[in-house]
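*Asks:* sequence first, predicted model second:
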Amino acid sequence: MKFQNFWMLVAAAYDRPPPRQNLVLSPAEDADPTTPQQVIIGSLDPDTEYYYRFATGSEYSLKTPPAKFPVKFPISGDLGQTGWTKSTLEHVSKSNYDVFLLPEDLSSADTVESLWDSFGRLVEPLASRRPWMVTQGNHDSENITAVPTTFIAYNARWRMPFDESGSTSNLYYSFEVSGVHVIMLGSYTDFGPGSNQYRWLEPDLKKVDRSRMPWLVVLIHAPWYNSNYAHQGEIQSVGMMESMEGLLYKARVDIVFAGHVHAYERFNRVYNHKANSCGPVHITIGDGGNLHGLASNYAEPQPTISAFREASFGHGQFEVVNASYAKWSWHRNDDDESVQADSVSIINLASDPACNKLEI
Ligand SMILES: [Fe+2]
């Protein structure tokens with residue numbers, strides 16, 4: 001009965017099923033269970049191609065990100081494992097990117113462990129060649145409820161460098177790359193004032209040296225700003241925003257990426273529900289290729305803080321050109337072509353005299 005309720009909920013939120021075939025194999029077909037293994041290697045030089053192989057099997061190569069700008073981040077939420085996922089990955093692979101940022105749901109495995117294996121095989125050609133940095137979504141949990149709590153498979157298979165950033169949980173962490181401080185927040189763990197995540201986030205924001213790391217970027221799963229009818233009012237959006245938006249604003253976070261809503265929406269700089277030239281740009285990019293379809297019902301009229309919205313599959317490209325300027329573009333999946341449908345220039349807040357008086 002619980003399962004049935006879940007699908008009824010999904011059906012209500014997503015009215016356009018993905019027109020391409022589902023690539024997921026049934027558990028019986030997927031007869032190659034694996035035990036996740038991890039190894040830490042390094043230190044590695046920047047902008048260098050490394051070649052590696054496992055005890056058996058073919059050779060792989062991994063390119064490390066550059067030490068300095070420019071640096072290119074494709075971004076895709078709610079990737080899933082459908083034909084749309086495949087076309088999204090094909091478009092991403094052509095972009096010669098440096099680091100893939102994913103505000104997920106990843107495999108949409110829900111409770112089916114074998115779907116993590118099929119997802120791993122689907123993404124391996126790309127994920128083996130570049131760093132993929134992820135944060136969790138609700139469909140990455142073993143208990144799909146309004147408040148998912150367990151991420152056993154996710155934590156085992158997608159271990160991120162959380163302890164290196166002082167976090168005690170794989171569900172939230174930060175890292176620095178090529179002049180960008182990236183914070184991955186956990187929408188599905190405690191986020192209230194006084195929580196472990198909050199107490200980790202506050203000093204992590206304070207320690208960012210904007211002269212060395214000019215760009216400050218945050219990823220979450222459930223969007224704080226959203227004019228789509230899907231996923232309105234969820235505690236992971238409303239409660240987390242109430243708890244943490246002030247911290248991000250005072251630290252002059254440049255941009256916040258989210259997934260969860262299966263559509264694309266870009267907001268202008270915003271804080272506390274109003275346009276604010278020192279607030280982050282908020283972008284929902286939950287249209288990577290999930291199984292549940294697109295969310296095409298929007299509140300009307302379009303809020304003035306919402307600059308662009310469209311329910312189509314696609315992915316984004318965040319290209320940091322230098323310390324003060326970046327380009328954002330959204331690429332709609334139009335069959336086999338990657339079509340750029342929205343783009344905007346983003347000026348770094350730490351280099352903006354009107355905003356660079358940090359309040360933290
Ligand atoms: Fe989600």
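*Replies:* Received, thanks.
*Asks:* can you give me the first-to-last residue distance of stretch 105-115?
*Replies:* 13 Å (CA to CA, to the nearest Å).
*Asks:* pLDDT (mean, whole number) over that stretch?
*Replies:* Per-region confidence: stretch 105-115 scores 90 on mean pLDDT.
*Asks:* please identify the buried residues of that stretch?
*Replies:* Within stretch 105-115, the residues that count as buried by 16 or more other CB atoms under 10 Å are D105, L106, S107, S108, A109, D110, V112, E113, S114, L115. (Each C-beta comes from the backbone N, C-alpha and C, glycine too.)
*Asks:* then stretch 140-156?
*Replies:* D140, S141, E142, I144, P148, F151, A153, Y154, N155.
*Asks:* stretch 257-264 now?
*Replies:* In stretch 257-264, counting by 16+ other CB under 10 Å, buried: F257, A258, G259, H260, V261, H262, A263, Y264.
*Asks:* so which of the residues you listed would count as near the ion as well?
*Replies:* H260 (CB under 5 Å from the ion).
*Asks:* the protein against the ion: which residues are in contact?
*Replies:* Counting by CB under 5 Å from the ion, the chain sits next to the ion at D105, G137, N138, H260.
*Asks:* so where is the chain shaky, pLDDT-wise?
*Replies:* Regions of the chain meeting the criterion pLDDT under 70 cover residues 1-34, 335-339, 358-360.
*Asks:* got a list of what the residue sitting nearest the centre point of it touches?
*Replies:* Nearest to the mean C-alpha position of the chain, by CA atoms, centre = their mean, lies P103 at 1.7 Å. With contact taken as CB atoms under 8 Å, 6 or more residues apart in numbering, P103 is in contact with 75, 77, 134-135, 137, 219-221, 257-259, 285-286.
*Asks:* from those, which land in strands?
*Replies:* I75, V134, L219, F257, A258, I285 (DSSP state E).
*Asks:* closest one of these to G233?
*Replies:* A258 (15.0 Å; CB to CB).
*Asks:* name the helix or strand for the spatially closest residue to that closest one that is not a sequence neighbour, please.
*Replies:* Nearest residue to A258 in three dimensions, chain neighbours excluded: P223, at 3.6 Å (CB to CB, 6 or more residues apart in numbering). Using DSSP states H and E, P223 sits within no helix or strand.
*Asks:* check contacts around P223.
*Replies:* Here P223 is in contact with H231, S237, A258, G259, H260, V261, E265, H282, T284, G286 (CB under 8 Å, 6+ apart).
*Asks:* I figured T135 hits S174, correct?
*Replies:* No: applying CB atoms under 8 Å, one finds T135 not in contact with S174, separated by 10.8 Å.
*Asks:* neighbour count winner among the two?
*Replies:* T135 (32 against 25; other CB atoms under 10 Å).
*Asks:* now the more buried one: how far from N276?
*Replies:* Using CB to CB, to the nearest Å, T135 is found at 25 Å from N276.
*Asks:* what's the answer for P223, then?
*Replies:* In terms of CB to CB, P223 sits 17 Å off from N276.
*Asks:* try G233
*Replies:* In terms of CB to CB, G233 sits 22 Å off from N276.
*Asks:* quick one, which of these two is more surrounded?
*Replies:* N276 (15 against 7).
*Asks:* surely the more buried one meets F267?
*Replies:* No: judged on CB under 8 Å, N276 makes no contact with F267 at a distance of 10.9 Å.
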